[in-house]
Structure formats: structure tokens, C-alpha cells
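Undergrad: Whatever this is, show me its structure:
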Amino acid sequence: MGEAVKDGREEVIQAWYMDDSQEDQRLPHHKDPKEFISLDKLAELGVLSWRLDADHYETDEELKKIRESRGYSYMDFCEVCPEKLPNYEEKVKSFFEEHLHTDEEIRYCVAGSGYFDVRDRNEAWIRVWVKKGGMIVLPAGIYHRFTVDSENYIKAMRLFVGEPVWTPYNRPHDHLPARKEYVDNFVKKAINASA
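TA: Have a look, this model is predicted:
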């Protein structure tokens, strides 16, 4: 009795503030001391997360419910590793360019792991480590970037509403409606609420 209920998502998704080091992007980049943030804090930035059964994604009822409720009609897989991705080093560097999309970015890690970095309200980088079984949704208009971790392997299910549009808009693209909506819904609202 009296034990806090552990959020099962934290076994497959962890988040922390990053240091300013220019070392290899695939390293964890923890601050010293480490500064973790909760998945609830991520949700305040519009980043949603789930823990799912990656060994049975074909028959997972929870995934089916999420897809139906959020309208994710399109699905494919992307494997990021030296053996499967032509021009691997170049691609990994391009994924790490800060950018936004005009639609949600939905990634469900079915094998391996990787880092999705997002900006907080004060422009600080938060590193989100997604491991097998973790699914995240980055809202349209959030500045972010991606890299594999030091294992150099992730297999992710990509979900999308309708036909996929993967166009990245490298920063700055603050004039896009998706960015303005993101700022209104997640940045200004929080600032006004705390005022």
C-alpha cells in the first residue's frame, strides 16, 4: 500500500532536457545533473504517448482503437539502419535538421529505439527516447528533429490521416498556419494560464 502507480509508458518512452554539447547526436545528451520530464509535461506541449504491444501490433485492439478514434487510415513501416537505408549517414543527418510538419507525425516503435527532440515553450530541447512498444504523436507545427540512438536501429510504424505528406519545413517557418495554430494552442495558452 502507498506505492505510487508507475506509468507503464515510462518503460518505453522517457524524456529529459538536453545538454548543449555538439558531440555525436546519437548520444543521450543528458544535462548534469540529469533533468527528466514527465510524459504529462510532454502532453502539455501536445506530444501524446502510448505503450502498446509491439510483438502483436497486427492484432492489437488498443492500436486499432487509437487508429479509429484519431482517423489514422494510412500505415507503413520505416526502418532506419545502415543496412536498410541508402545513404544512411546523410539521411540521419537530414532527419536531425530542426523542422516542422503541417500534419501530425505519428511513430510507433516496433523494434529498436530512437530520439525525437522537441522544443519546450522556452525553446529548450527535450529529448524523447522512444523504445520498442512506444508510440508518440507530435502535433502539427511543433519544431522537432529525429535521430537514431547509438544502436543505429529503429523500425517504426508510420501512421497518417488520409494520404501521407512527409514534407519537412526546416526552421524558420513560423508563418505557416500549422505553426501559428500550434503556438496558439500550446505555447500562448500555457503562458496565459500561468499569468
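Undergrad: can we go C-alpha only for contacts and neighbour counts from here?
TA: OK.
Undergrad: how about the longest strand anywhere in the chain as PDB, C-alpha atoms only?
TA: In the chain, assigned by DSSP state E, the strand with the most residues is strand 105-119. What follows is the C-alpha trace of strand 105-119 in PDB, where atoms were taken according to Å, rounded to 0.1, in the frame of the first residue of the first chain:
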ATOM      1  CA  GLU A 105       3.900  13.000 -37.000                       C
ATOM      2  CA  ILE A 106       2.800   9.600 -35.600                       C
ATOM      3  CA  ARG A 107       5.500   7.000 -34.900                       C
ATOM      4  CA  TYR A 108       5.100   3.600 -33.300                       C
ATOM      5  CA  CYS A 109       8.400   1.900 -32.500                       C
ATOM      6  CA  VAL A 110       8.000  -1.800 -33.200                       C
ATOM      7  CA  ALA A 111      11.700  -2.600 -32.900                       C
ATOM      8  CA  GLY A 112      14.900  -0.800 -31.800                       C
ATOM      9  CA  SER A 113      14.800   2.800 -30.500                       C
ATOM     10  CA  GLY A 114      15.400   6.400 -31.400                       C
ATOM     11  CA  TYR A 115      15.300  10.000 -30.200                       C
ATOM     12  CA  PHE A 116      12.700  12.600 -31.100                       C
ATOM     13  CA  ASP A 117      13.700  16.000 -29.900                       C
ATOM     14  CA  VAL A 118      11.100  18.700 -29.400                       C
ATOM     15  CA  ARG A 119      11.300  22.300 -28.200                       C
END
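Undergrad: Could you give the separation of it from the chain centroid?
TA: Its chain's average C-alpha position is 5 Å from that of strand 105-119, according to CA atoms, centre = their mean, to the nearest Å.
Undergrad: Summarise which helices and strands that strand is packed against.
TA: Contact here means 3 or more CA pairs under 8 Å, 6 or more residues apart in numbering; DSSP states H and E; on that basis strand 105-119 packs against strand 125-131, strand 134-138, strand 144-148, strand 154-160.
Undergrad: Identify the neighbouring strands of the first one in the sheet and state each direction.
TA: Listed by DSSP bridges, the sheet partners of strand 125-131 and their directions read strand 13-17 (antiparallel), strand 105-119 (antiparallel).
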